[in-house]
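**Q** Predicted structure and sequence below. I'll ask about it afterward.
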Amino acid sequence: MTLALLVRRSLRQHLLSTIVTALSLSLAGGLLMTVWSLKTQARQTFERMDGGWDAVLGARSSKLQLVLNAVFHLEASPGNIRPADLATLAANPAVKAVVPIAMGDNYQGFRIVGTTTNHFTDHQFAEGRRFKLREGRLFEDGYREALIGAFAAEKLGFKVGTEFKPYHGLNYASKASDNVQHDEVYVVVGILEPSNTPADRVVWIPIAGIQNMAGHDPATATDVSAALVQLLDPAAGFRLDQLYNKQGDKLTFAWPIGTVMAQLFDKIGWFDNVLTLVAWLVALVAAGSVLASIYNSMSARRRDLAILRALGARRRIIFTAIVAEASTIAAIGAALGFLVHFALLFGAAALVRAQTGVVIEPFQPGWVWLWAPAALIGLAAAAGTVPAFKAYDVDVASSLSPES
Amino acid sequence: MALLEIRGLKKSFRSPDGQLHPVIDIPSFDLAAGQAVALAGPSGTGKTTFLHLIAGILTPDSGSIRIGGDEIVGLTEHGRDRIRALRIGYIFQSFNLLQGFTCLENVLLGMSFGAGANQSRAEALLRRVGLGDRFHHFPRQLSTGQQQRVAVARAMAGKPQLVLADEPTGNLDPANAREALALIRETCTENGSALLLVSHDREILGAFDQVPSLADLNKASRPAALSRP
């Protein structure tokens, strides 16, 4: 009780420095938790986000480019695959399902992907989950109809019945006049329920629509950009990997998708480490501010400490009170850090969703929620020992003035 | 047996020029349990040093200080802290109240390091010194007389055997000084505490039956005898 009283009153007496220090600690804690949560969740989510596919077959390129292009709709297509290659793959007894996709156009930055309707009727993009229509119906092959992902529909303001003309290319130039618009008019016939996958930010049309769009090379009108593959047996992946990647030199078989994505995160791991290092440095600086703020107030506290000693307070109590004060400031900072953490993570999650369609859950619990505040409090407590030793050494007689 | 027994107590301080200056040299001093004694002495006679030595805030160069039969010279700092917390109440000239704490909290802290905080006793003490309606006031919100009353309540909080009062009325006007002194003596009597008060105020000293002079007790404060040629 005495310790709590001493800490509470001291925090109140030095309210401004308490608030400023706690805020700097909250930024440090929030940043640390956000960097950690983001890198952990992003890795987990992207590695799991295979769209229900085991592999991607595409033109000769890196596996990562194929996966980013075909599953995440991010990268450029490395080239096309011929219908014969698609047929050969589909005929392989180890293959359960093949869905072709074709791309090359966008609508105001949202990628237009041509595919077949079994992508939506037969395929499970996650365990037990199929794409669902929020309104309207699926497009029909042979018609200029479009099915819109939930996020794209929301951002574009598309409703069933909306008509649009696709723009050529995968990217939309910021200067409107730099974009080339096709003459074909597509009509929105359906909007998908959110799936929290990259499919949410795609404008889906029949595959023949992309293949035959005016301005596209007629010589490649039967080609597709990639094939999304489901295997009957995981072991078949090894055989197909051998067939396409080791023995062949025309196509690339990206399998398994999760491992390919893990390689991406391994490659950018240094960036994670830099971010984490920066967050730790911020935490160290914040802990230093605890030290500085308490240390700088020691002259003003000298008399109070001497009075407490004169009342019988042991040195150990004084030392503990100062360390407890530093820890309490850190605890307040860590608690406020959760607000910073959620604000930052919400912002980051919105950005990730807008760019990739992948959903990061800000409220998904993680160990970082425990160890980051604990580390922050530990750092601050360690920093608090410096002024605590100074308090420990206060000379009682000379600090109790005046003498008579 | 005396509550406070002092024998051969000596304390010197080293001046900036490196010389040792004796400040306290008291061959003998006793105070009985429940007794109230005032020591007279002008400024600079070592009154505060003497009380700091008794309270264990300072350690003597030599000699013996016994409180309730227990020798405190030679005790560890922790041991002296315990003596101070459990047996001694200290009233300062400048009150030395903790400005960031309320009256009630100041009194509670007066007992926290000894027998333990007891809110009802702290409240009763504040009522006793006439501050029943000032529990949650901070010292800066009180008059000087009221602040000294809080200091008296705090000194009595741990039911001390010995109360040390260092110029307790030095910062008060005559009316408040008389009132504060009466309060200190009354509460010491009610509590069964011995009181050792040091002051140079003749009016205050006049209220005591025994007023030994610190200058007489303390050989270190006497002027050196003139040497004969």
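**A** Done, it's in. Numbers count the residues shown, from 1 in each chain, chains lettered A, B, ... in the order given.

**Q** Give me the pLDDT value at residue 122.
**A** Since you didn't name a chain, this refers to chain A. pLDDT for A:Asp122: 88.

**Q** right idea, wrong chain: chain B
**A** 94.

**Q** any idea how far A:Ser399 is from the closest residue to A:Asp223 other than its chain neighbours?
**A** In space, and not counting its chain neighbours, A:Asp223 is closest to A:Asn80: 3.6 Å by C-beta to C-beta, 6 or more residues apart in numbering or on different chains. The way it works is simple: take the backbone N, C-alpha and C, and place the C-beta from them, glycine included. Using C-beta to C-beta, to the nearest Å, A:Asn80 is found at 84 Å from A:Ser399.

**Q** thinking again about what came up before, pretty sure the residue nearest to A:Asp223 sits against A:Ala227.
**A** No: look at A:Asn80 against A:Ala227 with C-beta atoms under 8 Å: they stay out of range, at 10.7 Å.

**Q** Next up, phi/psi of B:Ala38, please.
**A** In this entry, B:Ala38 is assigned phi and psi values of phi -110, psi 140 (degrees, to the nearest 10).

**Q** neighbours of it, just the number please.
**A** Close neighbours of B:Ala38, defined as other C-beta atoms under 10 Å in any protein chain shown, add up to 22.

**Q** Over to B:Thr76?
**A** 8.

**Q** check contacts around the residue of chain A found nearest chain B.
**A** For chain A, the residue closest to chain B is A:Gly312, as judged by C-beta to the nearest C-beta, at 2.5 Å. Contacts for A:Gly312 were tallied using C-beta atoms under 8 Å, 6 or more residues apart in numbering or on different chains; they are B:Asp81, B:Arg82, B:Arg84, B:Ala85, B:Leu86, B:Ile88, B:Phe113, B:Gly114, B:Gly158.

**Q** how about B:Lys10, secondary structure?
**A** Following DSSP: H, G, I helix; E, B strand; the rest coil, we place B:Lys10 in the strand state.

**Q** Repeat that for B:Gly89.
**A** strand.

**Q** residue boundaries of the strands in the stretch 101-250 of chain A?
**A** Applying DSSP state E, counting those that start in this stretch to the stretch 101-250 of chain A gives strands spanning A:110-115, A:124-126, A:129-130, A:133-136, A:145-148, A:163-164, A:167-168, A:186-192, A:203-206, A:226-231.

**Q** For the ones you listed, could you give me a markdown table that also reports distance to chain B and mean neighbour count?
**A** Shown next, in a markdown table, are the strands of the stretch 101-250 of chain A (distance: least, C-beta to the nearest C-beta, whole Å; neighbours: other C-beta atoms under 10 Å in any protein chain shown):
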| stretch | distance to chain B | mean neighbour count |
| --- | --- | --- |
| strand A:110-115 | 61 | 24 |
| strand A:124-126 | 59 | 15 |
| strand A:129-130 | 60 | 14 |
| strand A:133-136 | 61 | 15 |
| strand A:145-148 | 64 | 26 |
| strand A:163-164 | 68 | 16 |
| strand A:167-168 | 68 | 18 |
| strand A:186-192 | 62 | 21 |
| strand A:203-206 | 65 | 26 |
| strand A:226-231 | 69 | 24 |
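
**Q** the longest helix in the chain is where?
**A** Reading this off chain A. helix A:315-356 (DSSP state H).

**Q** The intended chain is chain B.
**A** Max-length helix for chain B by DSSP H is helix B:174-191.

**Q** Can you mark which positions in that helix are buried?
**A** B:Asn176, B:Ala177, B:Glu179, B:Ala180, B:Leu181, B:Leu183, B:Ile184, B:Arg185, B:Thr187, B:Cys188, B:Asn191 (16 or more other C-beta atoms under 10 Å in any protein chain shown).

**Q** Can you list the buried residues in the next helix or strand after it?
**A** Note on helix B:174-191: by DSSP states H and E, the next helix or strand toward the C-terminus is strand B:194-199. For strand B:194-199, the neighbour count (16+ other C-beta under 10 Å) marks B:Ala194, B:Leu195, B:Leu196, B:Leu197, B:Val198, B:Ser199 as buried.

**Q** Sheet-wise, list the partners of strand B:194-199 with their directions.
**A** strand B:36-40 (parallel), strand B:162-166 (parallel) (DSSP bridges).

**Q** which residues are in contact with stretch A:342-353?
**A** By C-beta under 8 Å, 6+ apart, stretch A:342-353 touches A:30-31, A:33-34, A:37-38, A:42, A:151, A:358-363.

**Q** Using ChimeraX, define a selection of the buried residues within those residues.
**A** To isolate the buried ones among the contacts of stretch A:342-353 in ChimeraX, judged by 16+ other C-beta under 10 Å, type:
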select /A:30,31,33,34,37,38,42,151,358,359,360,362
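
**Q** what's the farthest-apart pair in the contacts of stretch A:342-353?
**A** Within these, two members stand farthest from each other by C-beta to C-beta: A:Leu31 and A:Phe151, at 27.5 Å.

**Q** mind listing the helices for chain B?
**A** B:47-55, B:77-87, B:103-112, B:119-128, B:144-157, B:174-191, B:202-205, B:214-217.
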